[in-house]
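Student: Please work out how this folds:
(one chain, ligands or ions: 2)
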Amino acid sequence: MHFPNKLSTNERAVHLSRRAEAVANRLVRRADKVRARAGLGGRKAAYDDANYEFVGGPGETLRRRHYDKSLRLLWKAEAHAPWLGFEDCSKEERALLQMAEQSMKPAERDALDRITQDEFRAMLKSTYTERERQAIVNVLTAIGHGEAYAWLVSAELLGQVQSTGARTALTMQVLEEAKHFVVLRALMRSFDVPIPRQSAWEYLLLENVLKLDGLEKLFGMNVLVEGIALSFFGLLAGAPGLEILQMFHLDEARHAALPSNYLAEFPMSEWEKKNPVARTRRLKLVLPALLLMPQLEPDLNELGIDAYEFGGSVVAKISALAYRNGFYLPMPRWALLLALDAVFNGWCAATRDEHRWTSFTGFDSTKLEALRRVERRVFYGAA
Ligand SMILES: [Fe+2]
Ligand SMILES: [Fe+2]
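Tutor: Ligands and ions are numbered 1, 2, ... in the order given. Okay, here's the model as predicted:
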């Protein structure tokens with residue numbers, strides 16, 4: 001057992017939230033089906049969350065021939081044309097370039113050997129109980145389905161941003177989201193437990209983000225959804241077998257920082273930042289994200305993580321980023337955090353045996369110091 005400090009779960013509260021989610025799930029999906037049939041829109045994403053695929057099936061051959069190949073052939077200007085002044089090689093690539101000049105020694109060759117997929121699965125099984133593996137998969141597939149939407153949203157944003165630089169940034173984001181989707185999905189499948197569909201709250205959140213107009217997508221995706229994803233990666237990147245999430249964390253940090261850099265060059269008008277319709281729409285986006293906390297509570301409890309400490313930490317971070325970028329909500333940030341603490345404390349007082357007032361928004365759920373440093377820069381603009 002890897003997580004010995006289990007938190008207690010209020011079965012009645014879980015049952016109630018599960019029932020509510022099941023009803024909401026049926027309602028949102030049925031309503032979207034009816035709307036689609038009537039030609040009034042419906043679900044915008046061509047995405048089949050029950051099968052963790054896009055509509056149309058796996059298309060493995062295309063993936064191998066295009067996606068895998070383009071990554072294999074990805075080249076860096078620094079390596080091929082150092083005279084152009086690019087600094088785009090990683091430390092490892094630079095080390096490899098140096099090594100290529102010498103012949104490889106047997107010990108170096110051993111160090112490059114990777115464990116096989118079967119060995120990895122066996123390691124997961126010996127490290128975690130089945131319930132722990134299911135909990136990790138339940139928590140991370142919430143982000144996995146989000147990666148599908150991040151891929152879709154960044155592809156749409158690519159056509160909507162101005163400047164060559166912004167387009168190159170969005171082009172790389174599209175590529176990285178594609179990589180995140182297939183890599184995270186392969187990682188989740190290695191856990192050998194059932195992969196859940198989207199919950200109604202994820203469905204609502206991500207569909208609403210995908211349907212946003214223009215730059216509001218930067219708030220919905222790069223601030224809100226990527227801020228949540230960044231926090232989940234920060235939460236779990238230290239666990240055995242999940243070390244690769246540190247690489248995701250680096251990419252998502254860059255994506256979450258994109259609005260600040262883009263809006264510095266192409267600022268929103270005061271009206272775009274502050275008009276009451278936009279502020280209310282942003283708040284409506286945040287609400288389903290908050291309902292994810294009771295949804296994931298039993299799984300987070302299994303991992304020894306307090307869902308509301310995590311939720312408070314996430315909202316503190318993404319609200320700092322949102323307000324810094326001019327994506328205002330109907331209330332000031334301090335009032336948002338106070339209201340959230342009140343709601344979370346009320347819920348915990350009603351569902352936990354012993355609960356004392358806690359400042360949930362004062363927690364930082366990211367454990368590794370290196371990742372915390374990255375987050376301080378992204379969320380709070382620290383130097
Ligand atoms: Fe991503
Ligand atoms: Fe991203």
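Student: show me where pLDDT drops low in the stretch 151-300 of the chain?
Tutor: By pLDDT under 70, the stretch 151-300 of the chain has no low-scoring segment.
Student: and it, which residues reach ligand 1?
Tutor: E177, H180 (C-beta under 5 Å from the ion). Backbone N, C-alpha and C define where each C-beta goes, glycine included.
Student: measure the residue of the stretch 151-300 of the chain found nearest ligand 2 to M221 for me?
Tutor: Ligand 2 sits closest to H255 of the stretch 151-300 of the chain, with a gap of 3.6 Å, by C-beta to the ion. H255 sits 8 Å away from M221, taking C-beta to C-beta, to the nearest Å as the criterion.
Student: anything in contact with each of those two?
Tutor: Counting by C-beta atoms under 8 Å, 6 or more residues apart in numbering, the common neighbours of H255 and M221 are A150, S154.
Student: Please say which of these two ends up with more neighbours.
Tutor: Ranked by neighbour count (other C-beta atoms under 10 Å), H255 and M221 place M221 first, with 30 against 26.
Student: any idea how far the residue nearest to the more buried one when sequence neighbours are not counted lies from G159?
Tutor: Closest residue to M221 apart from its sequence neighbours, by C-beta to C-beta, 6 or more residues apart in numbering: V153 at 4.4 Å. When C-beta to C-beta is applied, the distance between V153 and G159 equals 11 Å.
Student: so who does the nearest residue to C89 once chain neighbours are set aside touch?
Tutor: Ranked by C-beta to C-beta, 6+ apart and with sequence neighbours excluded, the top spatial neighbour of C89 is E78, at 4.5 Å. By C-beta under 8 Å, 6+ apart, the contact list for E78 reads F86, E87, D88, C89.
Student: Mind telling me what element E78 is part of?
Tutor: Using DSSP states H and E, E78 sits within helix 77-80.
Student: how many other residues sit next to the residue in the stretch 1-150 of the chain positioned nearest to ligand 2?
Tutor: Relative to ligand 2, the nearest point of the stretch 1-150 of the chain is A150 (4.7 Å; C-beta to the ion). Residues contacting A150 under the criterion other C-beta under 10 Å number 28.
Student: in terms of contact, does it touch E226 like I think?
Tutor: Yes. A150 lies in contact with E226 (C-beta atoms under 8 Å); the separation is 6.9 Å.
Student: Give the rounded mean pLDDT of the helix or strand encompassing L321.
Tutor: Element membership for L321 (DSSP H and E) is helix 307-324. For helix 307-324, the mean pLDDT works out to 94.
Student: Strands of the stretch 251-383 of the chain, start to end?
Tutor: Shown for the stretch 251-383 of the chain, no strands are assigned by DSSP state E, counting those that start in this stretch.
Student: do you know how far E78 is from ligand 1?
Tutor: Going from E78 to ligand 1 by C-beta to the ion, to the nearest Å gives 25 Å.
Student: same question but for R352, I mixed them up
Tutor: 33 Å.
Student: Tell me how many other residues crowd the residue lying closest to that residue once chain neighbours are set aside.
Tutor: Spatial nearest neighbour of R352, excluding adjacent residues (C-beta to C-beta, 6+ apart): N10 at 6.6 Å. If you count neighbours by other C-beta under 10 Å, N10 ends up with 19.
Student: can you give me the helices for the stretch 1-150 of the chain?
Tutor: For the stretch 1-150 of the chain, helices defined by DSSP state H, counting those that start in this stretch occupy the ranges 11-37, 60-62, 69-72, 77-80, 91-101, 106-112, 117-127, 130-158.
Student: Compare those helices and say which comes out lowest on pLDDT.
Tutor: Mean pLDDT, when computed for each of those, is lowest for helix 106-112, at a mean of 46.
Student: For G56, grab phi and psi.
Tutor: Per-residue torsions, G56: phi 120, psi -10 (degrees, to the nearest 10).
Student: Backbone dihedrals for the nearest residue to it once chain neighbours are set aside, please?
Tutor: Counting by C-beta to C-beta, 6+ apart, A46 is the residue found nearest to G56 once chain neighbours are left out, at 7.6 Å. Backbone torsions of A46, given as degrees, to the nearest 10, read phi -80, psi 70.
Student: Can you give me the pLDDT of the closest residue in space to A13 that isn't next to it in sequence?
Tutor: Closest residue in space to A13, ignoring its immediate chain neighbours: T351 at 4.1 Å, by C-beta to C-beta, 6+ apart. pLDDT for T351: 92.
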